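>>> can you look at this prediction? I've put the sequence above it.
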Amino acid sequence: MTQVQLPPLKLSDWQESRDTIHQYALLTGKIRTALMPPQKHWWHITLHAAATGLTTTPMPVNGKTLELLLDFINHTLLITTSHGEKAEIPLQDQSIASMHSSVMAALSTMHIKPEFDHGLFVDEAPVKYDSEAILRYWHTLAWIDGVFKRFKGELREKSGPVQVFPHHFDLSMNWFSGRLVPGIDPSDEENADEQMNFGFVTGDGYIQDAYFYITAYPLPKGLTDTVLPEGAYWKTDELTGAIMMYESLRTADDPETLLLTYQRTVQKACAKLMQ
């Protein structure tokens, strides 16, 4: 197991740049939502980690496939199709309105016109794009994506993909117990399945800095009594779930083992209580 030196991600040091790439991710997510066939649990609206950034994955459109990649290594939005069409839009400090205009113009030359609420992307306010801070974020997210996938591979039951939901800008995955929630219509795909959600977010309205979360639905009685690894705690106001701050992980002697232990501990306890 190779040890990593994780960079600091204090949100106040790069929040403006985080908000910029969040907007870019929302735009690419809207395009994916418009073009991808619907999938259960809203998995058609998400982005996925590629080698250099976040990708829509190939999407079917007009008899070909289209892919958008937010490349945080080369700081470019790369648009390609299976017919060899290609466009590159530099990621710098353009407003979301400017980015939207550039993307739509590039897609138009490929005869692709996704339908969504374009009025969401008309803000012309200046933004900040700190390439070094964003590169630190990407290196961190790429590593976390790998650990999440290792954890996912250990699970025998059904689990969802490791993916980024643009609206919350969190990397997450679901685990399903295989049982239905009593009293819920089985056709209600959002609420009918017993499940857990494992995620990472750079900071939000609940907690101001980067953290890992684990939640369960429905919350089993007694789950919050589970003893957590050092550096993790139970949050029961606003959001009920297990929390581990990224900074606690970053400064640990063995971050990967600590993250996996945190995930394994809560998943096993929850699975037992759900029976």
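Yep, it's here. Numbering: from 1, shown residues only.

>>> CA atoms for contacts and neighbours, from now on please.
Fine.

>>> touching, residue 175 and residue 197? I think so.
Yes - applying Cα atoms under 8 Å as the test, residue 175 and residue 197 come out as touching, 6.6 Å apart.

>>> would residue 28 count as being in a strand?
No - assessed with DSSP: H, G, I helix; E, B strand; the rest coil, residue 28 is helix; it does not lie in a strand.

>>> the more surrounded of residue 175 and residue 197?
residue 175 (22 against 18; other Cα atoms under 10 Å).

>>> what sits against the more buried one?
Residue 175 sits next to 157, 158, 159, 160, 195, 196, 197 when contact means Cα atoms under 8 Å, 6 or more residues apart in numbering.

>>> burial count for the first one?
So that's residue 157. With other Cα under 10 Å as criterion, residue 157 counts 10.

>>> how much space separates it from residue 25?
Relative to residue 25, residue 157 is positioned 30 Å away (Cα to Cα, to the nearest Å).

>>> could you do residue 161 as well?
18 Å.

>>> returning to that earlier point: would you list the contacts of residue 175 in CSV and tack on pLDDT?
Output for the contacts of residue 175, formatted as CSV (pLDDT from 0 to 100):
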residue, pLDDT
157, 93
158, 94
159, 97
160, 96
195, 96
196, 98
197, 98
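
>>> so which of these are in strands?
Counting by DSSP state E, the contacts of residue 175 place 195, 196, 197 in strands.

>>> what secondary structure does the nearest residue to the second one once chain neighbours are set aside sit in?
When you say that, I think you mean residue 196. Excluding the flanking residues, the one nearest residue 196 by Cα to Cα, 6 or more residues apart in numbering is residue 216, at 4.2 Å. Following three-state DSSP, the label given to residue 216 is strand.

>>> in what helix or strand does the most far-flung residue of the chain relative to its centre lie?
Taking Cα atoms, centre = their mean, the residue of the chain most remote from its mean C-alpha position is residue 183, at 30.3 Å. Residue 183 belongs to no helix or strand when elements are defined using DSSP states H and E.
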